[in-house]
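In: No sequence on hand, only this structure:
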């Protein structure tokens, strides 16, 4: 079997699994779990074979015309380079782990068959994006992921939070997809083709007529799909979906698609220095803002969601300084430890019965209830905080090292301003990342108070995959030596300057957060629970009620319930900024003023015009014949004398009228 055939089967198998799962979900429920797990597992094996055959060498290219268009052709084509080969393996690993985990996590869910089928379809769409060599075919996978995320985020559609979150995710990403589509058409018009190799050849020859406009249009779609500022607000609210879905979206699909797209078409963006600076600013604001917001969140999944936004900022920063190798390296490392973080969080939520870190911090010995989640999440948090020798250290240092090279003028593949923006904001984010990772670990596993509830043991399918994902979280960075061929031959070993700075700042974040936690814990021990509140006058009952509100449901559209914890170091570290960071710096409120209210006002005006103006004419058109009919009906009395009198009167009127006309003539 040729490599091309294997590559075609990689996205095809999960698609066939999704179709079969939907068809057999009700009639043959015993096949649902095998159909959920086996296709992505087989796809993973084939993706590994493709990666081994490609071996970081010459890209595998093949194409056939899909349909004649009369102008720019649309072709079913593959373009598999080292980046595509490795990202496909990541997608296969995470999707398989998520499907195995879900068999235990959703074992009693009546909608599990449709859920599993949608996850397989989601996986197939991402693999289509990864392998596709044609921008229109790539767009198909891009949009299928959008609709799959809508259904999966809204899986618990009985709750208003899930419904609102799914609609928000769909609308915000579509807001970016409209200019993205225009940018694709403009790009194909200049290149005369949707094929990626042809487009890149056109850019290399200087045939792109409006590079800045095209790049900015494409960046709008990337910002929506990959949750970059300012279109990142949908991702924290998407936590209303099942936890395995969060792992899939955050680690290997959806948000990874935008970063991967820019990496694949990086020369298009490098053709405009202005676009590179814009991307650097987006990355910098995304990194710092999400780090501050993560430090203020109470829901464990929202902390991880803002963490994902920050790490996507790092990847975008690497692209902004022209280093797609560093961006994809961090994408791969992040995919492993972020999937692990979400799946471990699912185990913790299952054991504690709550999403709230404030509530978890009042449970002692929670780590004894979930030893697998405790140890594997510790590994993942160390990788997230970029502590050596965990994978996140190597991938994050590759980003900072690339930024340092551009900032100091060692390379001219991007503007120096972009290098400085990414370097400074990246170092600031290193402190914030270590701080919120430490805070999450302390509040979840070092709580004091009552015994943690015993909700029973977690299924082995939920705990086994944690150890599978812990391996790359620990050792993937150490394996970078044999992989430079897959990364354009670039040496991704850490740079001394940024390694020392980044690690030192991360350790500062850990130490300061631990000190703040010790201080707040000591203060909380001297006063009754709930004596400290986020607002004056709140008593212990209010604090507990707010904590329960967070545990009960996810807030929608940024209206975050505010349940303070007396032992929360984030409150001490952020001070007065904490309240604003907890609601994402009110960006949703800004969008409400700028977009939601004007649209609602316009809708109200249209409804008024439709009901009070248009309907008035319609009602009038119906009323006039009705009135005439009523008048005629009243004339039908059944009295012959009345009819004869009316006939004679009418005849007289006609005769008089005729005489008048004749006289006038």
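Out: Thanks, I have the structure now. Computed from a predicted model, the values in this text were never measured in an experiment.
In: only C-alpha atoms for contact and neighbour calcs from this point on.
Out: OK.
In: how about the helices of the stretch 401-550 of the chain, start to end?
Out: 416-445, 460-475, 496-525, 540-552 (DSSP state H, counting those that start in this stretch).
In: Can you give me the buried ones in the third one?
Out: By neighbour count on 16 or more other CA atoms under 10 Å, the buried set for helix 496-525 is 498-499, 502-510, 512-514, 516-518, 520-521, 524.
In: Same list (the helices of the stretch 401-550 of the chain) but as a markdown table, adding mean pLDDT and distance to residue 12.
Out: Output for the helices of the stretch 401-550 of the chain, formatted as a markdown table (pLDDT from 0 to 100; distance: least, CA to CA, whole Å):
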| stretch | mean pLDDT | distance to residue 12 |
| --- | --- | --- |
| helix 416-445 | 96 | 38 |
| helix 460-475 | 94 | 24 |
| helix 496-525 | 91 | 42 |
| helix 540-552 | 44 | 39 |
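In: Would you format the ones you listed as CSV with distance to residue 71 included?
Out: Formatted as CSV, these follow (distance: least, CA to CA, whole Å):
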stretch, distance to residue 71
helix 416-445, 38
helix 460-475, 46
helix 496-525, 50
helix 540-552, 55
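In: and residue 206, which of the ones you listed is closest to it?
Out: Closest of the helices of the stretch 401-550 of the chain to residue 206 is helix 416-445, at 22.4 Å (criterion: CA to CA).
In: Point out the other helices and strands that that closest one packs with.
Out: helix 273-294, helix 300-320, helix 357-360, helix 366-369, helix 371-384, helix 391-407, helix 496-525, helix 569-574 (3 or more CA pairs under 8 Å, 6 or more residues apart in numbering; DSSP states H and E).
In: run the last query once more with 6 Å
Out: When contacts are defined as 3 or more CA pairs under 6 Å, 6 or more residues apart in numbering; DSSP states H and E, helix 416-445 packs onto helix 273-294, helix 391-407, helix 496-525.
In: can the ones you listed go into TSV with extra columns for distance to residue 263?
Out: Shown next, in TSV, are these (distance: least, CA to CA, whole Å):
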stretch	distance to residue 263
helix 273-294	13
helix 391-407	14
helix 496-525	23
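In: Ok, which of those helices comes nearest residue 136?
Out: Of those, nearest to residue 136 by CA to CA is helix 273-294, at 22.8 Å.
In: And the average pLDDT for that closest one is what?
Out: For helix 273-294, the mean per-residue pLDDT is 96.
In: In terms of secondary structure, what does that helix contact?
Out: helix 300-320, helix 416-445.
In: Most tightly packed of those?
Out: helix 300-320 (a mean of 29; mean count of other CA atoms under 10 Å).
In: relative to helix 300-320, how tilted is the helix or strand just after it?
Out: Note on helix 300-320: by DSSP states H and E, the next helix or strand toward the C-terminus is helix 324-352. Put simply, helix 324-352 runs at 180 degrees to helix 300-320, going by axes from the mean of the first three to the mean of the last three CA atoms, to 10 degrees.
In: just so I have it, where are all the helices in the stretch 51-200 of the chain?
Out: Counting by DSSP H, counting those that start in this stretch, the helices of the stretch 51-200 of the chain are 82-105, 112-131, 135-153, 160-191, 196-204.
In: For the last one, buried residues please.
Out: It stands for helix 196-204. 196, 198, 199, 200, 202, 203.
In: Not counting residues beside it along the chain, what's closest to the second one?
Out: This means residue 198. Counting by CA to CA, 6 or more residues apart in numbering, residue 198 lies nearest to residue 191, which is 6.7 Å off, once chain neighbours are set aside.
In: Verify the stated contact: residue 324 with residue 263.
Out: Yes. Between residue 324 and residue 263 there is a contact under CA atoms under 6 Å: 5.2 Å.
In: Which one's more surrounded, those two?
Out: Between residue 324 and residue 263, counted using other CA atoms under 10 Å, residue 324 has the larger neighbour count: 28 against 24.
In: And the pLDDT at that one?
Out: So, for residue 324, pLDDT stands at 92.
In: From residue 79, how far off is it?
Out: 16 Å (CA to CA, to the nearest Å).
In: Kindly report the same for residue 110.
Out: Residue 110 is 40 Å from residue 79, by CA to CA.
In: Compare neighbour counts for those two and give me the winner.
Out: More crowded of residue 110 and residue 79, by other CA under 10 Å: residue 79, with 21 against 9.
In: What residues are bridge-paired with the more buried one?
Out: residue 61 (DSSP bridges).
In: To residue 228, which of the helices and strands packed on helix 273-294 lies closest?
Out: Here helix 300-320 is closest among the helices and strands packed on helix 273-294 (CA to CA), at 6.7 Å.
In: now the angle from that closest one to helix 371-384?
Out: Going by the same axes, to 10 degrees, helix 300-320 makes 30 degrees with helix 371-384.
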